[in-house]
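Student: the following comprises the amino acid sequence and a computationally predicted model.
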Amino acid sequence: MSSVENLQNKLQTILFDESEQSRKYDNLDPAKDADYMLYSPKAVGYNTTAEQKFLFQNLVLGLDSAVYTVLDIGCGRCDLYGYLNEFYDEVIGYNGVDMNPIMCDLATQKYNLDSPVCSTFENLEIHNHDWVVAAGYFTQRKCATEDEDLIKLFSDVDKMYSLANRNVSFNLLSPINNKIHEGFFYVHPGLVLDMLLEKYKFVNLRHNYSKDVYTVTIYKI
């Protein structure tokens with residue numbers, strides 16, 4: 001079996017994990033299970049562990065763990081770090097940033113990491129990384145109006161781009177044929193693609209696993 005086939009088989013196993021452990025995590029009850037916040041996908045905005053892993057793979061598609069470093073914006077409990085180490089079988093250069101001290105503490109507990117940087121993205125001062133990722137960072141609305149939210153989105157993407165040596169990737173909610181929930185941030189994928197292509201030129205948009213969420217990757221080199 002070739003190395004490519006081995007990689008494909010491993011990816012299939014991880015993304016479509018139906019193990020007893022994954023089922024246990026998916027069914028944790030916040031009212032009954034003390035480890036709900038550490039392991040439940042629902043505690044960090046996903047329906048299942050498999051869904052969370054699929055989104056992570058979309059965000060880092062093409063990453064070479066041997067040479068790339070990763071900066072995880074809005075890292076939560078640093079599950080992206082756990083996924084990368086599960087998939088690549090090695091500890092890669094990783095830093096997480098989250099403004100919620102509870103999530104930073106959970107990340108330290110779960111993965112024995114040095115505490116992630118506890119900071120708002122606006123005030124973040126950190127060295128460049130090869131790949132800058134935001135998984136779920138843009139889910140909640142941050143401003144009073146849609147126009148302000150759009151301005152902030154492109155400002156945040158520009159800062160991510162300035163912190164990246166190679167790639168920027170993030171996910172957004174689509175308003176197309178979806179119910180709009182109060183407090184969530186929806187952006188038409190066509191608008192995002194047009195705006196980003198005009199400024200950054202090398203952009204990929206994947207609307208390939210959910211009608212609600214799509215993934216954007218900007219290639220810097």
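Tutor: Cool, got the structure.
Student: what ranges do the strands span in the protein?
Tutor: Using DSSP state E, the strands assigned to the chain run over residues 69-73, 93-98, 117-118, 129-134, 164-173, 203-206, 213-219.
Student: could the ones you listed be laid out in CSV, adding mean pLDDT, mean neighbour count and distance to Y81?
Tutor: Any C-beta I mention is one placed from the backbone N, CA and C, and that applies to glycine too. Output for those, formatted as CSV (pLDDT from 0 to 100; neighbours: other C-beta atoms under 10 Å; distance: least, C-beta to C-beta, whole Å):
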stretch, mean pLDDT, mean neighbour count, distance to Y81
strand 69-73, 94, 24, 7
strand 93-98, 92, 21, 5
strand 117-118, 90, 17, 13
strand 129-134, 96, 24, 11
strand 164-173, 96, 22, 15
strand 203-206, 95, 16, 22
strand 213-219, 96, 21, 19
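Student: isn't I180 right up against Y186?
Tutor: Yes. Under the criterion of C-beta atoms under 8 Å, I180 makes contact with Y186 at 6.1 Å.
Student: which of those two has more residues huddled nearby?
Tutor: Higher neighbour count among I180 and Y186: Y186, with 18 against 8, using other C-beta atoms under 10 Å.
Student: how about that one, nearest residue that isn't a chain neighbour?
Tutor: Spatial nearest neighbour of Y186, chain neighbours left out: P175 (3.9 Å); criterion: C-beta to C-beta, 6 or more residues apart in numbering.
Student: what do you get for T120?
Tutor: Excluding its sequence neighbours, the residue lying closest to T120 (C-beta to C-beta, 6+ apart) is M99, at 4.8 Å.
Student: how about the residue nearest to the spatial centre of the chain, what does it touch?
Tutor: Nearest to the geometric centre of the chain sits A135, at 2.0 Å (C-alpha atoms, centre = their mean). When contacts are counted by C-beta atoms under 8 Å, 6 or more residues apart in numbering, A135 touches 55-56, 59, 72, 74, 80, 170-171.
Student: check Y209 too.
Tutor: Counting by C-beta under 8 Å, 6+ apart, Y209 has contacts 54-55, 58.
Student: CA atoms only: put stretch 100-112 into PDB for me.
Tutor: The C-alpha coordinates for stretch 100-112 follow below in PDB (Å, rounded to 0.1, in the frame of the first residue of the first chain):
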ATOM      1  CA  ASN A 100     -11.800  33.200  27.700                       C
ATOM      2  CA  PRO A 101      -9.600  32.300  30.700                       C
ATOM      3  CA  ILE A 102     -11.800  29.200  31.400                       C
ATOM      4  CA  MET A 103     -11.100  27.800  28.000                       C
ATOM      5  CA  CYS A 104      -7.400  28.500  28.400                       C
ATOM      6  CA  ASP A 105      -7.500  26.600  31.700                       C
ATOM      7  CA  LEU A 106      -9.300  23.700  30.000                       C
ATOM      8  CA  ALA A 107      -6.700  23.600  27.200                       C
ATOM      9  CA  THR A 108      -4.000  23.300  29.900                       C
ATOM     10  CA  GLN A 109      -5.800  20.500  31.600                       C
ATOM     11  CA  LYS A 110      -6.700  18.500  28.500                       C
ATOM     12  CA  TYR A 111      -3.400  18.600  26.600                       C
ATOM     13  CA  ASN A 112      -0.800  19.500  29.200                       C
END
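Student: list the buried ones in that stretch?
Tutor: By 16 or more other C-beta atoms under 10 Å, the buried positions in stretch 100-112 come out as 103-104, 106-107, 110-111.
Student: out of the contacts of A135, the closest to S115 would be?
Tutor: Of all the contacts of A135, D72 has the smallest distance to S115: 13.6 Å, by C-beta to C-beta.
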